[in-house]
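Trainee: just to be clear, the model below is a prediction. Sequence and coordinates:
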Amino acid sequence: MQDLSRHRPNVGVVLFHPDGRVWIGRRTDSRDPHSWQFPQGGVDDGEDLYEAARRELAEETGVTSTSLLGRTGEWLTYDFPPEAKKHRQGWVGQKQIWFALRFEGDEAEINLNAQRPPEFDAWRWAALGDAPGLIVPFKRKVYEEVVRAFAVFVGDLNGARQ
């Protein structure tokens, strides 16, 4: 079993539109073609993981109108590459629990300036399967695992529309 004590506890959110597409945002600190990602962030000491996910989503996107679809069972991990020094703060990487949430609100609720400084400068709805090709390469394996874990919700939501 991998020692995860040097990986920062983190949560990620895949926000599903009722039509099965997912929310992705472009990071403000990057113009690279791999600058799009799902909302994610650190877990405060003693904080419930689901509450941390909802807090991060609200801070980064303004979205609070959601319902829980599911979550990953085990920690998914990635290590920081040497060039990601600003993210390290003593950690070798991040361990993440991911949550699939259904967006229940109106798009007017989305506010990229909900926190300062903003995490994202643009957003769009995309196909879940597109996400691994849009993320920085060192996070790609985790995104591939998230896509596999949450692919069932794409069909469920599309079926609910009909």
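Mentor: Nice, thanks for sending it over. Numbering: from 1, shown residues only.
Trainee: list the contacts for the residue nearest to residue 96 when sequence neighbours are not counted?
Mentor: Among residues not flanking residue 96 along the chain, residue 10 sits closest, at 4.5 Å (Cβ to Cβ, 6 or more residues apart in numbering). C-beta coordinates here come from the backbone N, C-alpha and C atoms, glycine included. Residues near residue 10 by Cβ atoms under 8 Å, 6 or more residues apart in numbering: 40-43, 94-97.
Trainee: torsion angles phi and psi at the closest residue to residue 114 other than its chain neighbours?
Mentor: Nearest residue to residue 114, sequence neighbours excluded (Cβ to Cβ, 6+ apart): residue 62, at 3.9 Å. Main-chain torsions, residue 62, degrees, to the nearest 10: phi 80, psi -10.
Trainee: kindly report the same for residue 118.
Mentor: Main-chain dihedrals, residue 118, degrees, to the nearest 10: phi -70, psi 150.
Trainee: that one touches residue 112, doesn't it?
Mentor: Yes - here residue 118 reaches residue 112: they are 5.0 Å apart, a contact under Cβ atoms under 8 Å.
Trainee: report the set of residues contacting both of those two.
Mentor: Contact criterion Cβ under 8 Å, 6+ apart; residues shared by residue 118 and residue 112: residue 60.
Trainee: could you say which helix or strand holds residue 50?
Mentor: For residue 50, the host element (DSSP states H and E) is helix 49-61.
Trainee: tell me the helix or strand right after that helix.
Mentor: Scanning forward in sequence from helix 49-61 by DSSP H and E, the next helix or strand is strand 66-71.
Trainee: looks like residue 125 contacts residue 22 (just checking).
Mentor: Yes - if you go by Cβ under 8 Å, residue 125 and residue 22 touch, sitting 6.9 Å apart.
Trainee: more crowded one of those two?
Mentor: residue 22 (26 against 15; other Cβ atoms under 10 Å).
Trainee: coming back round to it: quickly list what the residue nearest to residue 96 is bridged to.
Mentor: Note on residue 10: beta-bridge partners residue 42, residue 96, judged by DSSP bridges.
Trainee: cool, and the one 4 residues further on?
Mentor: Each beta-bridge partner of residue 14 is listed here: residue 100, as defined by DSSP bridges.
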